[in-house]
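K.L.:
Please work out how this folds:
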Amino acid sequence: MGASDWAGRMAKQLEEEFGTPTERNLRITSLVRWFASNPEYEGLFDGNRNEEWRTLTNDLPEVLREESGSTIEERWNNLMDELGYQEIVEGGVYLIPWEDYDETTYKPDVSHSWVRK
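P.N.:
Below you'll find the predicted structure:
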């Protein structure tokens, strides 16, 4: 199965789990795919993080369900804090709030920091 197939399947599962639209869910799957392919995120694969990676790619909806937060973005950001990913990589790992998302660029719009509400 290719990365696009995975992203489509995960986006559908996230929609079923959280009631969020495909465009919103694709921000998360795009970020996971960036983790796998962008050199800014190479630090995520140093050491013994294979189990975390399998969890993100296989059980993403279930993992996000267990995180606190009132939005899927807050749940994602809390997961990134729990895993300590921002301290490991050069690129940002936090998603900005959906209402601040620019739909014309279709980029996940990541940040190096986020403010909890």
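K.L.:
So what are the sheet partners of the least confident helix or strand in the chain by mean pLDDT and their directions?
P.N.:
Least confident element among the helices and strands of the chain, by mean pLDDT, DSSP states H and E: strand 110-111 (a mean of 72). Applying DSSP bridges, strand 110-111 is found paired with strand 94-95 (antiparallel).
K.L.:
just how off-centre is the strand it pairs with within its chain?
P.N.:
Distance of strand 94-95 from the chain centroid (Cα atoms, centre = their mean, to the nearest Å) equals 7 Å.
K.L.:
Give me the residues contacting that strand.
P.N.:
27-28, 31, 73, 76-77, 80, 86, 108-114 (Cβ atoms under 8 Å, 6 or more residues apart in numbering). For every residue, glycine as well, the C-beta is placed using N, CA and C.
K.L.:
Quickly note the distance from the residue nearest the centre of the chain to Glu15.
P.N.:
The residue lying closest to the centre of the chain (Cα atoms, centre = their mean) is Ile28, at 3.7 Å. Using Cβ to Cβ, to the nearest Å, Ile28 is found at 11 Å from Glu15.
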